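**Student:** I need the structure of the sequence given here:
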Amino acid sequence: MAAPERPSPAPPPTESSTERLPGWARELISLYESNAYTQFILYGNVQDRVLLPVAPQAEIRSLKDFVLRVLLPGFDVILSYDLGSGIRVEKGEALFREWPFARDQAELPRAPRAAIETLTHYFRYCANLRRLRDRTVQVACVVSGANLVAPVLQGGVNYDLSALAMLLRDWSSEELLWEIPFATFLITENHNDLHPLLQNNPRAAQIEVPLPAEPEMAAALEVFAERYPTALREYGDQPARAAGALVGATLSSVESLLKTKEYEREPIDGGDLVSLKKQLVERDANDLIEFVKPDRSLDDYHGQAAVKDWLRKDLQLWEQGDLAALPMGYLLCGPVGTGKTYLVECLAGEADVPVVKFKNFRDKWVGSTEGNLERIFRLLHALGRCIVFIDEADQALGRRGGGSGDSGVSGRVYSMMADEMSDTRNRGRILWVLASSRPDLIEVDLKRPGRVDVKIPLFPTTDAREGFALIRALCEKRGVSVPESAWAALEPNLPVSITPGSAEALAVKVYRTVRTAGLSPADALAACLADWRSPVPASVMDFQIGLAVQEASDFSFVPEAFRAHADAPGR
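**Tutor:** Residues are numbered from 1 along each chain as shown. Okay, here's the model as predicted:
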C-alpha cells in the first residue's frame with residue numbers, strides 16, 4: 001500500500017501488484033490511495049490466519065502480520081498497540097526515537113488512555129514536523145483488540161472511555177493529520193463490540209474480513225501440502241481439491257486438523273471431509289450453531305403430502321439453479337407437537353446442502369448478543385448454500401420496539417435479523433426456516449414476503465383413521481407391529497386429533513407395555529389408549545390450529561377439516 005502525499009491522490013495500484021490479494025485488501029488499498037479514508041476498522045474473521053502472497057514463497061501468518069508486511073511496507077514508522085504489549089515500534093525505531101518525548105522515556109505508557117494520548121501526540125508531532133521543516137514522515141498504527149481498548153459502553157456514562165474513543169475517532173478526521181501520509185487500523189472481531197463513537201464514525205472505512213472462500217482455501221492447502229504431506233496424501237499433487245468441502249472453516253482450524261492428522265500419520269479421507277468440516281465450523285462458532293444431522297428424508301414425515309410435494313419442488317429448483325421462484329424463507333407454524341423440528345430434520349436429509357440450527361446466541365453482556373449474531377452471519381455467508389433453522393422464532397428474533405429491561409438488545413436483534421433475512425443477495429444461498437407455535441408473536445415485518453415467502457401450517461390428525469395410521473407407523477419403527485385388523489376394536493378409543501409428538505409418546509408407551517407386560521401389540525395399544533389423555537388442552541390446541549390456518553400462505557396446505565378456522569374477512 002503506497003503512502004500518498006496528502007491531499008493529492010496517488011495513482012491506482014497496478015493489477016499485477018494486487019491480483020493475488022483478497023478482495024477486502026484490494027478494497028482497502030483503493031480507499032486509502034484514493035485519499036477517501038485514512039482509518040480502517042477491520043472486523044470479522046480477524047483472529048484467523050491469512051495467506052501472505054510474498055516472495056519467494058507464500059506464507060500463512062496472522063492478520064496483523066498481513067497488514068504490516070503486505071499493506072504497510074512503504075511507511076517509515078509503523079506503531080502498534082494492544083492491551084497486552086502496550087505500544088510497540090514495529091518499524092522505524094531510530095526515526096521514532098528522534099521524537100523528544102520518546103527519547104526521554106525509558107518505557108512508553110501501557111494503560112489505554114495514556115497510550116492513545118501518547119500516540120496522538122506523536123502523530124501531531126509528525127504533522128508539525130512537516131509544516132515546520134518540510135520533512136515528511138510516513139506513519140501508520142495498528143490497534144489490535146480495539147474492542148478491548150475502546151469497548152461498547154456497559155451502562156451509564158463513562159467519560160474517560162468516551163474521551164479515549166474520541167481520540168481514536170479524531171485520528172480519522174483531524175485536519176492536521178490529513179496533511180501527512182498517515183493510516184490507522186482498528187482490529188476487532190465484532191463491529192458491534194466497539195464504542196459507539198467508533199462504530200458510527202463516517203470517516204472510518206468499515207472493512208469486513210470474511211472467512212476464506214474456496215480460492216483462498218485452495219491456495220492455503222497448496223501451502224499446507226508441503227508441511228503436512230501425510231495428512232493430505234489422499235489428494236496427491238492436487239490438495240486444492242479439498243477446498244470446496246472445507247469452505248466455512250477457518251484456516252487456523254484447518255491447520256490444527258492437519259497437524260493432528262500428520263502427527264497420527266493418518267491421511268484425511270475425502271469421505272470424512274463433510275463431518276470434519278462440521279466439527280471445525282461448530283468449534284469456530286463457539287457453540288452458537290449446530291448442524292442438523294441429515295439422517296432422515298421427507299419420506300419419514302407422516303402425512304402432509306401437499307407440504308412435502310411443495311418442499312421437494314423447491315429443492316429441485318434450487319439444485320437446478322433456477323432461483324426466480326425460490327423463496328427467501330419458510331415459516332413452519334402449528335400446535336405444539338406437530339413435528340416442526342422433525343420436518344426440518346427430514347428436510348436436512350432431502351436437501352444436498354448444510355442445514356444449520358441457531359442455538360442460544362443471547363448473552364447478558366451489552367453488545368455480546370449482537371457480536372454473536374455477527375459471527376453467525378459470517379459463518380453462514382462462508383458456507384455458500386445452506387438452510388438456516390430458527391426454532392421458537394417468536395422468542396429468538398426479537399421485537400421491533402425492544403424489550404423492557406434488556407437495554408434495547410431485543411430491538412437490535414430484530415433489526416439485524418430483518419436486514420439479513422431481506423438481503424436479496426442471499427437468495428439461493430441462504431434459505432431461512434422459522435418455526436413457532438405462536439406465529440402471531442413474530443413481528444409482522446419479519447414474516448412478510450421478501451423475508452418469509454411461504455408459510456406452512458402443520459396440523460394434528462383430522463380423524464381417528466389417520467391417527468391410527470400414524471400410531472401404527474411410529475410403533476412399527478420400534479419393532480412393534482399393530483395389525484390393521486385391530487382397527488375395529490380400537491376405533492372407539494382412538495383420538496380424532498393427535499399430534500405426531502403425542503403419537504410418538506404413545507408409541508413409546510406401547511413398546512414399554514409390550515416389553516414389560518407381555519401383551520400383544522394390539523392389546524398393549526388398547527391398554528394405553530384407555531388411559532390416554534392429550535398433553536395439550538383442547539382449548540390451546542384449537543387456538544394454535546386457528547393461528548396456523550390464518551398464517552398459511554397457500555390454502556392447499558390446510559386440510560378440509562380445519563378450513564373452518566380461517567379468518568374469512570381477512571382472506
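**Student:** Now for residue 517, how many residues are close by?
**Tutor:** 10 (other C-beta atoms under 10 Å). Just so you know, the C-beta spots here come from the backbone N, C-alpha and C atoms, and that holds for glycine as well.
**Student:** ok, now which ones touch it?
**Tutor:** If you count contacts by C-beta atoms under 8 Å, 6 or more residues apart in numbering, residue 517 has them with 524, 527.
**Student:** Can you give me the distance of it to residue 471?
**Tutor:** Residue 517 sits 18 Å away from residue 471 when distances are taken as C-beta to C-beta, to the nearest Å.
**Student:** what about residue 98, how many residues close to it?
**Tutor:** 13.
**Student:** Could you check the pLDDT of it?
**Tutor:** Confidence at residue 98, expressed as pLDDT, is 91.
**Student:** a helix runs through it, doesn't it?
**Tutor:** No. Residue 98 is assigned coil when assessed by DSSP: H, G, I helix; E, B strand; the rest coil, not a helix.
**Student:** show me where pLDDT drops low in the stretch 151-300 of the chain?
**Tutor:** Applying pLDDT under 70 to the stretch 151-300 of the chain flags residues 154-156, 271.
**Student:** All the helices of it, residue numbers only.
**Tutor:** Taking DSSP state H, counting those that start in this stretch, the helices of the stretch 151-300 of the chain run over residues 159-170, 196-199, 214-227, 243-246, 251-263, 273-284.
**Student:** Distance to residue 397 and mean neighbour count added to those helices, as a markdown table?
**Tutor:** Formatted as a markdown table, these follow (distance: least, C-beta to C-beta, whole Å; neighbours: other C-beta atoms under 10 Å):
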| stretch | distance to residue 397 | mean neighbour count |
| --- | --- | --- |
| helix 159-170 | 31 | 17 |
| helix 196-199 | 22 | 20 |
| helix 214-227 | 31 | 18 |
| helix 243-246 | 31 | 19 |
| helix 251-263 | 29 | 18 |
| helix 273-284 | 22 | 17 |
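**Student:** would you list the ones you listed in a markdown table and tack on distance to residue 336?
**Tutor:** What follows is these, written out as a markdown table (distance: least, C-beta to C-beta, whole Å):
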| stretch | distance to residue 336 |
| --- | --- |
| helix 159-170 | 46 |
| helix 196-199 | 40 |
| helix 214-227 | 42 |
| helix 243-246 | 38 |
| helix 251-263 | 38 |
| helix 273-284 | 28 |
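**Student:** out of these, which comes closest to residue 69?
**Tutor:** Evaluated over the helices of the stretch 151-300 of the chain, closeness to residue 69 peaks at helix 214-227, with 15.5 Å, by C-beta to C-beta.
**Student:** How about residues contacting the closest one?
**Tutor:** Against helix 214-227 from outside (C-beta under 8 Å, 6+ apart): 22, 51, 58-60, 212, 231-232, 235, 239-240, 242-244, 246-247, 251, 254-255, 258, 262.
**Student:** list the buried ones in stretch 321-338?
**Tutor:** Of all the residues in stretch 321-338, those buried under the rule 16 or more other C-beta atoms under 10 Å are 326-335, 337-338.
**Student:** domains for this structure, by residue range?
**Tutor:** Domain assignment for the chain by automatic domain parsing gives 15-209, 214-284, 291-457, 464-531.
**Student:** What's the end-to-end length of the third one?
**Tutor:** With C-alpha to C-alpha, to the nearest Å as the measure, domain 291-457 spans 24 Å from end to end.
**Student:** Run the chain-centre distance for it.
**Tutor:** Between the centre of domain 291-457 and the centre of its chain there are 12 Å (C-alpha atoms, centre = their mean, to the nearest Å).
**Student:** Next up, the contacts around residue 270.
**Tutor:** 234-235, 242, 245.
**Student:** Try it again at 6 Å.
**Tutor:** residue 234 (C-beta atoms under 6 Å, 6 or more residues apart in numbering).
**Student:** What separation is there between it and residue 63?
**Tutor:** From residue 270 over to residue 63 (counting by C-beta to C-beta), the distance is 30 Å.
**Student:** likewise residue 205?
**Tutor:** 16 Å.
**Student:** Let me know the secondary structure of residue 470.
**Tutor:** helix.
**Student:** I'd say it and residue 337 touch.
**Tutor:** No. Counting by C-beta atoms under 6 Å, residue 337 is not a contact partner of residue 470; they are 11.8 Å apart.
**Student:** residue ranges of the strands in this protein, please?
**Tutor:** Taking DSSP state E as the criterion, the chain contains strands spanning 39-44, 49-52, 59-62, 77-82, 86-91, 139-143, 182-188, 204-209, 289-291, 329-333, 355-358, 386-390, 430-436, 454-457.
**Student:** Put the alpha carbons of the fifth one into PDB.
**Tutor:** Just to be clear, that refers to strand 86-91. Extracted in PDB, the C-alpha atoms of strand 86-91 (Å, rounded to 0.1, in the frame of the first residue of the first chain):
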ATOM      1  CA  GLY A  86       1.400  -1.800  25.000                       C
ATOM      2  CA  ILE A  87       3.000   0.500  22.400                       C
ATOM      3  CA  ARG A  88       5.500  -1.200  20.100                       C
ATOM      4  CA  VAL A  89       7.600   0.200  17.300                       C
ATOM      5  CA  GLU A  90       7.200  -2.300  14.500                       C
ATOM      6  CA  LYS A  91       9.400  -0.300  12.100                       C
END
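**Student:** How far does that strand sit from its chain's centre?
**Tutor:** With C-alpha atoms, centre = their mean, you get 34 Å for strand 86-91.
**Student:** buried residues in it?
**Tutor:** 86-87, 89-91.
**Student:** As CSV, these with distance to residue 549 would be great.
**Tutor:** Below are the buried residues of strand 86-91 laid out as CSV (distance: C-beta to C-beta, whole Å):
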residue, distance to residue 549
86, 64
87, 65
89, 69
90, 65
91, 68
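**Student:** Now pLDDT too, for those residues, in TSV please.
**Tutor:** Shown next, in TSV, are the buried residues of strand 86-91 (pLDDT from 0 to 100):
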residue	pLDDT
86	94
87	95
89	95
90	95
91	95
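**Student:** Name the residues that touch stretch 536-547?
**Tutor:** Counting by C-beta under 6 Å, 6+ apart, residues outside stretch 536-547 touching it are 335-336, 437, 439-440, 562, 565.
**Student:** May I see the strands of the chain arranged in TSV, with distance to residue 121 as well?
**Tutor:** Converted to TSV, the strands of the chain look like this (distance: least, C-beta to C-beta, whole Å):
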stretch	distance to residue 121
strand 39-44	18
strand 49-52	32
strand 59-62	28
strand 77-82	12
strand 86-91	12
strand 139-143	12
strand 182-188	14
strand 204-209	21
strand 289-291	45
strand 329-333	52
strand 355-358	47
strand 386-390	48
strand 430-436	47
strand 454-457	60
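**Student:** Among those strands, which comes closest to residue 306?
**Tutor:** Of all the strands of the chain, it is strand 454-457 that lies closest to residue 306, at 9.3 Å by C-beta to C-beta.
**Student:** what's that closest one in contact with?
**Tutor:** 307, 327, 330-334, 548, 551-553, 557.
**Student:** And the average pLDDT for that strand is what?
**Tutor:** 94.
**Student:** on that earlier part again, can you list the buried residues of stretch 321-338 in JSON lines and add distance to residue 280 and pLDDT?
**Tutor:** Below are the buried residues of stretch 321-338 laid out as JSON lines (distance: C-beta to C-beta, whole Å; pLDDT from 0 to 100):
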{"residue": "326", "distance to residue 280": "28", "pLDDT": "89"}
{"residue": "327", "distance to residue 280": "30", "pLDDT": "91"}
{"residue": "328", "distance to residue 280": "28", "pLDDT": "92"}
{"residue": "329", "distance to residue 280": "27", "pLDDT": "93"}
{"residue": "330", "distance to residue 280": "28", "pLDDT": "94"}
{"residue": "331", "distance to residue 280": "31", "pLDDT": "95"}
{"residue": "332", "distance to residue 280": "29", "pLDDT": "95"}
{"residue": "333", "distance to residue 280": "34", "pLDDT": "94"}
{"residue": "334", "distance to residue 280": "35", "pLDDT": "92"}
{"residue": "335", "distance to residue 280": "38", "pLDDT": "93"}
{"residue": "337", "distance to residue 280": "35", "pLDDT": "91"}
{"residue": "338", "distance to residue 280": "34", "pLDDT": "91"}
